[in-house]
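Student: Okay, predicted coordinates and the sequence, questions at the end:
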Amino acid sequence: MSTLEQLYQSVLRGKTLETKEYIQRALEENILPQEIISKGMNSAMEEVGLLFSRNEIFLPEMMVAARAMKAGMEILEPYIVGECSDREGKIVLGTIKDDLHDVGKNLVAMMFKGTGFEVVDLGVDVPKEKFLESIQQESPELVGISALLTTVLPNVVEAIDFLRRSGVSERCKILVGGAPVTPEFARDAKADGYAPDAGSAIQIAKRVIEERVE
Amino acid sequence: MSKMTSKERVLATLQGKIPDRVPILTFAIDPKFIKKLGGGSLQKTLEVLGLDVYPIYCQNWCQGVPMSAALSTELAPEMQTSGGTFGGWDGIDEFGRIWRRGSYVGGVVRTDEDIERYVPDVKLEERMDPVRTRSIINKHQNKAFCLTTHTGPFGLTMESIGLEEFSYIYVDNRTFIEKLLWERTKWFAEIAVYGTELGADFILMGDDVAFKGRTFISPNDFEELMVACYQHIVTRAGIPVIWHSDGYITPLLNAAVKSGIAGVHSLEPTAGVDLGEVKKDYGDRLVLVGNVDCGRALCQGDLEKVRQEVLRCMGQAKEGGRYILSDSNSIHAGCHPEAVVEMFRYAREIGGY
């Protein structure tokens, strides 16, 4: 098994120490950092997302995989500063106003980072104006709005309407997710996409970006 | 069939017999809803809703301040709530959970010392106020009473550590998780025993173990970890234990049966629970409680939609007994009062056997 294949397996199984070791070995073998990230780690995290969305792995396994990925990225960051990034895209993420829950949003953020996206995390209790400001500053391809409380769903609707009226949604697609969010809600709220879980969020994001490009 | 009292109706259902009609209950009512419907009086709210089951509450504290607002008559300070189901307080509660503006935001338990500190004294009399509880039970002898507490061992273990850190420790140091689970289990069993002594007819054990569409941990792991814990609680309690959990718990129902759990509550349709499927697979072994969608049907004012939702649940689960109609989580602050009243009224109207 090649070093990159071993790295892939270590991320998939959430083995942080092994991940660090294989990254060091890959660097010693003069494998380019971008190749280490894309073939050894991003692909592993995509597989993690798929396994999670199919209920073949569960939250703890997904979280330790994301932790291994993060530890690996910390080693590689000094090598990729200044390099031309071949990132998948940029997403602004936040939990909607009046909702302080961040686990689902954090999980989504980790999955996006793990699969090569640049993530701008606005945190929790985010008002619509802050989403707009960030979109204007960061020019992301996507904005992700998370909600856990049923009672804040009207705030999600209001934020989407606000972003649509501001015109930014023409270049930045809006994704929604969270426990009370359903496909019907997403459709009625005029979101561009709905992710039922952190694992499938990546696939949906990529599809929405492709549609945007087309 | 002759008309039963609420108590007879509920007990018959729990025993797997056919009652005169499907009983009705709710797990928790948000103080803001109590304010809207009952002018702040829980007693009046229960009467207006015509519930068959009255709660025996179990008080918890956050830095010395009473909490568990949705399970008690205590109103959370207005400025500290964010509109969530469980109004609450800022700070770290006695179990190690961190609360901010009424929302759970994480946990602090990491070490054996933390376990000592955040598995609190049972303080049975302070928690359940025996004089007041016995007086309420005596006053409403026709009603069934359940000890209602959202302090089950798994959910509290996970929440008191925090979901992210729980995931890491779960993989890195399972022994620590097992130790905390057992401390929580023994604690809960003590509470359950006292509830039984006070006159509870059954226990409604809140223990969240699932998300929308998935369980927190794999069903195999859950069975390995939790069957013995739940068996301990069921055995010590000596009365039926109904397990409440949010989320998609269908894959965990085998574990519930093995544990001796009498029934399961909430059965969230929006989380993926198919009541008809659960009835077919477990209806002869578990009392099913809930499934009326409180995220949509109860949050709007079209009462025909509410009746359709009640009709759907009755159609899927009423036949053969072992069904108690309830909302799919709680009566939260976003529920429309008329919708909730209509849900229970219509259930009484069409729930006869």
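Tutor: Looks like it arrived, so ask away.
Student: Please count neighbours and contacts with C-alpha atoms only from this point.
Tutor: Fine.
Student: where's the closest residue to chain B within chain A, which helix or strand?
Tutor: Residue nearest to chain B within chain A: A:Pro60 (4.1 Å; C-alpha to the nearest C-alpha). For A:Pro60, the element it lies in under DSSP states H and E is helix A:59-80.
Student: Could you do B:Glu159 as well?
Tutor: B:Glu159 belongs to helix B:153-161 when elements are defined using DSSP H and E.
Student: Show me the contact partners of that helix.
Tutor: Helix B:153-161 is contacted from outside by B:95-98, B:106-110, B:166, B:177, B:180-182, B:184-185, B:188, B:207-209, B:226, B:229, using C-alpha atoms under 8 Å, 6 or more residues apart in numbering or on different chains.
Student: May I see the buried residues of it?
Tutor: For helix B:153-161, a neighbour-count test (16 or more other C-alpha atoms under 10 Å in any protein chain shown) marks B:153-161 as buried.
Student: re earlier: which ones among the contacts of helix B:153-161 map onto strands?
Tutor: Using DSSP state E, the subset of these located in strands is B:97-98, B:106-107.
Student: Mind checking which of these are buried?
Tutor: Buried among the ones in strands among the contacts of helix B:153-161 (16+ other C-alpha under 10 Å): B:97-98, B:106-107.
Student: and which of those is nearest chain A?
Tutor: For these, the nearest to chain A is B:Gly106 (9.0 Å; C-alpha to the nearest C-alpha).
Student: so what's that closest one up against?
Tutor: So B:Gly106 contacts B:97-99, B:159-163 (C-alpha under 8 Å, 6+ apart).
Student: Please name the nearest non-neighbouring residue to A:Lys173.
Tutor: Distances taken as C-alpha to C-alpha, 6 or more residues apart in numbering or on different chains put A:Leu142 closest to A:Lys173, at 4.8 Å, once the chain neighbours are dropped.
Student: mind listing the strands for chain B?
Tutor: Listed in chain order, the strands found in chain B under DSSP E are B:53-57, B:61-62, B:65-66, B:91-92, B:97-100, B:103-107, B:144-149, B:202-206, B:210-211, B:214-215, B:241-244, B:263-266, B:287-290, B:323-324.
Student: Quick check: residues of chain B near chain A?
Tutor: Within chain B, the residues that sit near chain A (C-alpha under 8 Å from any C-alpha of the partner chain) are B:82-85, B:100, B:103-105, B:163-164, B:166-168, B:170-171, B:211-212, B:214-218, B:270-271, B:295, B:333-334.
Student: Which single one of the buried ones among the ones in strands among the contacts of helix B:153-161 is nearest to A:Asp102?
Tutor: B:Gly106 (9.3 Å; C-alpha to C-alpha).
Student: What pLDDT is listed against the spatially closest residue to that closest one that is not a sequence neighbour?
Tutor: Spatial nearest neighbour of B:Gly106, excluding adjacent residues (C-alpha to C-alpha, 6+ apart): B:Gly162 at 4.5 Å. For B:Gly162, the pLDDT comes out at 93.
Student: show me the residues around B:Gly162 that make contact.
Tutor: B:97, B:105-108.
Student: Buried residues of the stretch of helix or strand A:Glu210 belongs to, list them for me.
Tutor: Using DSSP H and E, A:Glu210 sits within helix A:198-213. For helix A:198-213, the neighbour count (16+ other C-alpha under 10 Å) marks A:198-202, A:204-205, A:208-209 as buried.
Student: And for B:Gln141, the neighbour number?
Tutor: For B:Gln141, the count of nearby residues is 12 (other C-alpha atoms under 10 Å in any protein chain shown).
Student: mind listing what it touches?
Tutor: Contacts of B:Gln141 (C-alpha under 8 Å, 6+ apart): B:Lys7.
Student: ok, which stretches of chain B are helices?
Tutor: B:6-14, B:31-38, B:42-49, B:112-118, B:124-128, B:130-139, B:153-161, B:163-172, B:174-198, B:219-237, B:253-259, B:275-282, B:303-317, B:337-350 (DSSP state H).
Student: Same question for chain A.
Tutor: Listed in chain order, the helices of chain A (DSSP H) span A:3-12, A:16-28, A:33-35, A:43-53, A:59-80, A:103-114, A:128-138, A:153-166, A:183-188, A:198-213.
Student: Who are the packing partners of the fourth one?
Tutor: Counting contacts by 3 or more C-alpha pairs under 8 Å, 6 or more residues apart in numbering or on different chains; DSSP states H and E, helix A:43-53 is packed against helix A:3-12, helix A:59-80, helix A:103-114, helix A:198-213.
Student: Switch those over to TSV; also include distance to B:Val341.
Tutor: Shown next, in TSV, are these (distance: least, C-alpha to C-alpha, whole Å):
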stretch	distance to B:Val341
helix A:3-12	50
helix A:59-80	38
helix A:103-114	33
helix A:198-213	37
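Student: Of those helices, which is nearest B:His140?
Tutor: The minimum distance between B:His140 and the helices and strands packed on helix A:43-53 falls on helix A:103-114, with 42.4 Å, by C-alpha to C-alpha.
Student: Alpha carbons of that closest one, in PDB - could you do that?
Tutor: C-alpha atoms of helix A:103-114 as PDB (Å, rounded to 0.1, in the frame of the first residue of the first chain):
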ATOM      1  CA  VAL A 103     -22.600  21.300  16.800                       C
ATOM      2  CA  GLY A 104     -24.400  20.600  13.500                       C
ATOM      3  CA  LYS A 105     -22.900  23.700  12.000                       C
ATOM      4  CA  ASN A 106     -19.400  22.800  13.300                       C
ATOM      5  CA  LEU A 107     -19.700  19.300  11.900                       C
ATOM      6  CA  VAL A 108     -20.700  20.800   8.500                       C
ATOM      7  CA  ALA A 109     -17.800  23.200   8.700                       C
ATOM      8  CA  MET A 110     -15.400  20.400   9.400                       C
ATOM      9  CA  MET A 111     -16.700  18.300   6.500                       C
ATOM     10  CA  PHE A 112     -16.300  21.300   4.200                       C
ATOM     11  CA  LYS A 113     -12.800  22.100   5.400                       C
ATOM     12  CA  GLY A 114     -12.000  18.400   5.100                       C
END
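Student: Now B:Ile239. Its backbone dihedrals?
Tutor: Torsion angles at B:Ile239 (phi, psi; degrees, to the nearest 10) stand at phi -130, psi 160.
Student: where's it relative to chain A, distance?
Tutor: The gap separating B:Ile239 from chain A is 33 Å, by C-alpha to the nearest C-alpha, to the nearest Å.
Student: One more: B:Ala228?
Tutor: According to C-alpha to the nearest C-alpha, B:Ala228 stands 21 Å off from chain A.
Student: Ok, B:Asp302 next?
Tutor: Look at B:Asp302 and chain A: by C-alpha to the nearest C-alpha, they are 17 Å apart.
Student: which ones are touching that residue?
Tutor: Going by C-alpha under 8 Å, 6+ apart, the list of residues near B:Asp302 reads B:Ala339.
Student: cool, A:Ala159 as well?
Tutor: Per C-alpha under 8 Å, 6+ apart, neighbours of A:Ala159: A:127-128.
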